[in-house]
Structures are given as C-alpha cells and as structure tokens.
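S.K.: Mind looking at a prediction? Sequence and model below.
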Amino acid sequence: RSPPILSFPTIPYEARNFKKEITDCFFIKFSSLILHAKAPDGKYPNLLSPGTIGSLEIRNKTVMCAMGMSQSDQGFVNQAVINHYAERAKGGIGLIMVEVTCVDAPVGLNTSRMLVIDDDKYIPGLKRLADEVHKYGSCIAVQIYHPGRQGIAEMNGVESMKSASQTECQCAHQPTHEMT
C-alpha cells in the first residue's frame, strides 16, 4: 500500500521530484502548481483549513521552516531570494519562515551571504519579499539570528565573539567575550 501524498509546487532547481518522509504515512511531493492533500482515511482533515497564530490569520496549517540559503547580496534581499520564497507561496504554504537573518552585522554573521536586518537600509528589499509572498496568499515571518559563541571570529572580523558568557563553544572553539 503506497503512502498518501501531499503535493506542493514544482521547485525550480533544488528539489525536483523530492520526496521526504514526514511520518509513517505521509510524504511530500513537489510536483504541481496547486496544493492538494490526500490524507489517509480522513486523517488530518484540518491540515488545509485556515488557522490563526494570535491575530495572524493563515490560509492553512502548513509551515515552511527557516533555512539558511545564503543567497543575499551583502545582506540585501535580491531577486533569487524573492523567487525562492515566491515559489513556495505559489504552492500554497500557509506560513513561510524566512531564513536565519542577522541582527548584528558584520559581527553576527554565520555566512558572508546571509540576509541582514540590523539597519533600515534593508527594509525595502524585505518589503519587496513580503509583498511578493503576500501576493500568493501566504504569510511570512523572519527568523532573527546571532551566532553568539558559535560564530567564527575571523569571518566576523573580530578577535572574539559576543556571547552570554565567556564559555567557549565546544563545536566552534572560538574565543568569546561576555556581553555587558
């Protein structure tokens, strides 16, 4: 017996014909331009019904988690970023979480091409992104990010990384200093 399929939009390049098991009985298949759902034996009947988070109304209960794409131009939203999220919105995702977005550039980066949101100069690009996603009926939010002690000091142009404590990260092994 084959598992039921949730069909989402075609993705231009990175995940054509991608299937990923979510639970024992669900798979996501990126294949059509319209969101379809076939739930087993009537399970999950509310998945595609509208929902709310506080006062935010969402067209369905599907959420795209934030990921680090590293496609920005010096922190600014560009057309590649807009196209990426617009494709997901076209496919019917209810809420799109924009990738990890730096709140303290240049000393809070995890890659040199991550989005940045620490200055008003980034607002026009972020507004263009939000407008494009809203055009297709999806909601959008940003995951704010600072690497803290997990950052790489050399990449951030500092001698030590800001952190809640001086305790060194056992993964990055970078010098840190406590924020005051």
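M.R.: Nice, I can see it.

S.K.: And the helices in the protein, which stretches?
M.R.: 79-90, 123-135, 153-156 (DSSP state H).

S.K.: buried ones in stretch 116-129?
M.R.: Buried positions in stretch 116-129, judged by neighbour count with 16 or more other C-beta atoms under 10 Å: 116-118, 122, 125-126, 129. Every C-beta, even on glycine, is put in place using the N, C-alpha and C of the backbone.

S.K.: Could you report the pLDDT at the residue most central in space within the chain?
M.R.: Centroid-nearest residue in the chain: A66, 2.3 Å away (criterion: C-alpha atoms, centre = their mean). Here, the pLDDT recorded for A66 equals 90.

S.K.: OK, contacts around it?
M.R.: 97-100, 143 (C-beta atoms under 8 Å, 6 or more residues apart in numbering).

S.K.: Give me the phi and psi for it.
M.R.: Backbone torsions of A66, given as degrees, to the nearest 10, read phi -70, psi 140.

S.K.: next one: the one 3 residues further on
M.R.: Note on M69: its backbone torsions stand at phi -90, psi -30 [degrees, to the nearest 10].

S.K.: Retrieve the pLDDT associated with the residue found closest to it once you drop the neighbours it is linked to in the chain.
M.R.: Residue nearest to M69 in three dimensions, not counting chain neighbours: E99, with 5.2 Å by C-beta to C-beta, 6 or more residues apart in numbering. Per-residue confidence (pLDDT) for E99: 92.

S.K.: what does V63 give?
M.R.: Confidence score, pLDDT, at V63: 92.

S.K.: what's the burial count for it?
M.R.: Neighbours of V63 under the rule other C-beta atoms under 10 Å: 16.

S.K.: Please apply the same query to the one 10 residues further on.
M.R.: Using other C-beta under 10 Å as the criterion, D73 is surrounded by 13 other residues.

S.K.: give the contact list for it.
M.R.: R113.

S.K.: distance of the residue nearest to G148 when sequence neighbours are not counted from P106?
M.R.: Spatial nearest neighbour of G148, chain neighbours left out: S163 (4.7 Å); criterion: C-beta to C-beta, 6+ apart. The gap separating S163 from P106 is 17 Å, by C-beta to C-beta, to the nearest Å.

S.K.: Out of the helices of the chain, indicate the one that is most buried.
M.R.: helix 79-90 (a mean of 18; mean count of other C-beta atoms under 10 Å).

S.K.: Noted, bye for now.
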